[in-house]
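K.L.:
sequence and computational prediction follow.
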Amino acid sequence: MAQPPILSWEKLGLQQGGRWLFQGLDLHVGPRDRLALIGRNGAGKTTLFRMIMNEIEADKGERKVKPGLRIVALEQEPDFSGFATLMDFALSGSDAPAAYEVEAIAGQLGIDMATPSDGASGGERRRAAIARALAQDPDLLLMDEPTNHLDLAAIEWLEDWLTRYKGAFLVISHDRTFLKRLTNATIWLDRGMLRRKDVGFGGYEAWEEQVYAEEARNAHRMDAKLKIEAHWLERGVTARRKRNQGRLEALYVMRAARAAMITPGGTAKLGLSADSDNKSKSVIVADHVSKAYGERPIIKDFSLRIQRGDRIGIVGSNGAGKTTLLRLLTGDLAPDTGKITVAKSLNGVVIDQQRSLMTPEKSVRDVLAEGGDWIDVRGVRKHVQGYLKEFLFDPGLVDTKVGTLSGGERSRLLLAREFARETNLLVLDEPTNDLDLETLDLLQEVIADYDGTVLIVSHDRDFLDRTVTITLGLDGSGSVDVVAGGFADWEAKRIRRTVSGTAKGLRDAKAAAPPPPPAKSAKLSYKDQRDYELLPARIEELESAIVKGEKILSDPDLFTSDPQKFSNISKGIENARAEKDAAEERWLELAEQVEG
């Protein structure tokens with residue numbers, strides 16, 4: 001029997017700027033709901049959060065809340081002004097958590113809460129905000145882009161915490177992997193309407209396309225204006241995703257070709273590219289490059305030949321050396337040993353460094369076309385308003401001031417400007433921050449069509465899986481894994497190495513240690529010994545099955561074309577994860593016996 005909601009809103013309505021932003025919305029949150037809140041930038045997702053928190057008063061509707069319900073918000077941009085340290089921020093407010101609770105979570109996140117607020121990085125502030133929110137022990141947790149500014153280790157920690165969390169949460173995020181792993185229902189805020197479907201984010205895109213297709217069919221029985229709007233929706237969203245599926249197939253072919261140039265150990269086979277044709281395609285060559293800061297090695301003996309058209313993803317925890325590697329590859333930083341050769345013809349742009357061009361008083365027309373009506377897009381002349389539509393803007397915004405745009409819209413405008421330039425190298429530093437899901441689809445498409453070379457630093461795992469041909473993984477020791485493929489391919493290799501390395505370490509320790517006294521020996525039973533020997537291989541098989549299943553579920557047509565297959569694969573992934581967790585726990589117990 002379904003439990004009653006802990007929060008509900010009937011016929012919610014809110015006016016903004018003389019028009020209805022919402023009208024007639026119904027929202028119900030159950031005690032264990034894991035809800036993804038989806039909608040375009042500007043749809044009102046953050047506003048809806050603030051209304052749930054009672055920070056904005058509704059113009060219509062009835063709000064019902066379970067007595068004593070503790071609602072806590074993790075804001076996208078928390079205000080740290082006026083707080084001397086991160087701990088001062090965490091302990092502020094009338095419902096502040098206990099200091100020891102904050103410290104316990106902060107310790108797991110690796111953040112020093114004594115850090116001065118005004119000197120803290122974006123990642124440190126984000127960790128402090130997470131520690132503050134989780135330490136309050138909420139019944140309902142509202143999270144607005146929780147993975148922004150977090151590195152992979154912190155994201156994985158947060159995912160694990162939320163998996164064990166007993167309350168309900170509602171999350172706004174562009175991180176598809178985060179949403180797929182955690183949510184069990186989706187609410188979609190679209191053109192003033194709120195729809196709900198009790199399927200996690202893995203089934204959202206297929207559901208969205210079903211809704212748009214039905215609107216398109218209905219529009220044929222309505223007036224011409226509605227027909228145009230429905231056609232725009234179908235062409236701008238559904239068709240784009242279908243094209244991107246075709247690009248994914250091409251990406252897999254490119255990855256297979258690049259895999260032949262990488263040794264099993266994860267270094268580049270420079271010799272395989274020695275012929276003149278491949279030399280002419282090479283744009284950046286790293287030959288046994290090393291870099292250290294003081295006694296700490298950042299990059300050790302790294303070699304790679306980057307060719308024209310390669311799309312390189314760089315991943316790793318904060319402080320692992322991602323920025324250092326990026327600067328080495330672009331020639332902005334000299335190595336201590338080895339050699340970096342950058343083609344003289346390389347003409348690149350670092351998009352993150354162009355944000356200074358986005359001054360608030362400039363208009364969209366100023367940014368794109370220097371005040372004119374036309375823009376040269378990689379050698380092709382286009383009208384500025386037509387080009388705006390390609391980047392999901394209303395053409396009527398052409399004379400809007402940059403300062404009035406949302407953060408996501410400013411990021412999208414910057415991408416539109418930089419992708420129009422005549423370049424053959426793009427450097428993207430965390431390009432997915434502040435972008436909605438439809439803009440991420442657009443960015444994926446534009447990168448796929450770009451005929452130059454792309455270097456991407458990102459923690460967005462799904463985006464990397466859909467975009468890059470090679471992943472460079474840094475673990476902080478100075479070594480760089482070179483993997484043909486995306487984040488999932490690097491993660492699978494990392495897990496295999498961890499499992500096999502742990503097993504090898506225990507075997508080596510056992511071989512090196514003196515035999516224990518006979519009276520204290522603890523011989524494994526036949527079954528235990530078999531489990532100890534065979535479980536590492538089984539864990540690898542399960543991990544591979546999970547990765548394979550998640551790739552299949554990324555097909556947006558699957559949920560519609562074969563819902564039973566979608567359900568079976570989802571259940572299979574769930575079972576594989578459960579078996580993998582149990583196998584890892586069992587193996588560790590046996591390893592402790594062997595070690596003892």
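P.N.:
Okay, I see it. Since this is a predicted model, take the numbers as computed values, not measurements. Residues are numbered from 1 along each chain as shown.
K.L.:
low pLDDT regions in the protein?
P.N.:
Applying pLDDT under 70 to the chain flags the ranges 1-2, 218-245, 260-280, 352-357, 496-523, 554-557, 559-560, 595-596.
K.L.:
ok, now which ones touch the residue most central in space within the chain?
P.N.:
Note on the chain: the residue nearest the mean C-alpha position is D460, at 2.4 Å, using Cα atoms, centre = their mean. Going by Cβ atoms under 8 Å, 6 or more residues apart in numbering, D460 touches H174, D175, R176, T177, T432, L440. Every C-beta, even on glycine, is put in place using the N, C-alpha and C of the backbone.
K.L.:
number of residues surrounding the last one?
P.N.:
If I follow you right, that is L440. Using other Cβ atoms under 10 Å, L440 is surrounded by 20 other residues.
K.L.:
so which residues of the stretch 351-500 of the chain form helices?
P.N.:
Per DSSP state H, counting those that start in this stretch, the stretch 351-500 of the chain carries helices over the ranges 364-369, 384-390, 407-419, 437-449, 461-467, 487-512.
K.L.:
looking at these, which is buried most?
P.N.:
helix 461-467 (a mean of 25; mean count of other Cβ atoms under 10 Å).
K.L.:
how far away is D462 from W188?
P.N.:
18 Å (Cβ to Cβ, to the nearest Å).
K.L.:
what's the closest of the helices of the stretch 351-500 of the chain to D59?
P.N.:
helix 407-419 (25.4 Å; Cβ to Cβ).
K.L.:
next, the angle helix 437-449 makes with that closest one.
P.N.:
10 degrees (axes from the mean of the first three to the mean of the last three Cα atoms, to 10 degrees).
K.L.:
what packs against helix 407-419?
P.N.:
Judged by 3 or more Cβ pairs under 8 Å, 6 or more residues apart in numbering; DSSP states H and E, helix 407-419 is in contact with helix 364-369, helix 384-390, helix 437-449.
K.L.:
wait, which of the contacts of D460 is closest to M113?
P.N.:
D175 (25.2 Å).
K.L.:
give me phi/psi at the closest one?
P.N.:
phi -80, psi 100 (degrees, to the nearest 10).
K.L.:
list the contacts of it.
P.N.:
Counting by Cβ under 8 Å, 6+ apart, D175 has contacts T147, I155, T432, D460, R461, D462.
K.L.:
could you dump the residues you listed to a markdown table with distance to E361?
P.N.:
Formatted as a markdown table, the contacts of D175 follow (distance: Cβ to Cβ, whole Å):
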| residue | distance to E361 |
| --- | --- |
| T147 | 32 |
| I155 | 36 |
| T432 | 27 |
| D460 | 31 |
| R461 | 37 |
| D462 | 36 |
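K.L.:
S458 reaches P431, doesn't it?
P.N.:
Yes. Judged on Cβ atoms under 8 Å, S458 makes contact with P431 at a distance of 6.7 Å.
K.L.:
out of the two, which sits in the busier spot?
P.N.:
P431 (24 against 21).
K.L.:
TSV please, covering the helices and strands packed on helix 407-419 and showing distance to E409.
P.N.:
Output for these, formatted as TSV (distance: least, Cβ to Cβ, whole Å):
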stretch	distance to E409
helix 364-369	9
helix 384-390	11
helix 437-449	9
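K.L.:
of those, which is nearest R305?
P.N.:
helix 437-449 (20.8 Å).
K.L.:
just checking, what packs against that closest one?
P.N.:
helix 239-259, helix 407-419, helix 461-467.
K.L.:
residues contacting that helix, please?
P.N.:
38, 40-41, 174, 176, 236-237, 240-241, 243-244, 247, 250-251, 311, 391-392, 408, 411-412, 415, 419, 426, 431-432, 435, 454, 460, 463, 466-467.
K.L.:
circling back to that earlier point, to T323, which of the helices of the stretch 351-500 of the chain lies closest?
P.N.:
helix 461-467 (17.0 Å).
K.L.:
thanks a lot, catch you later.
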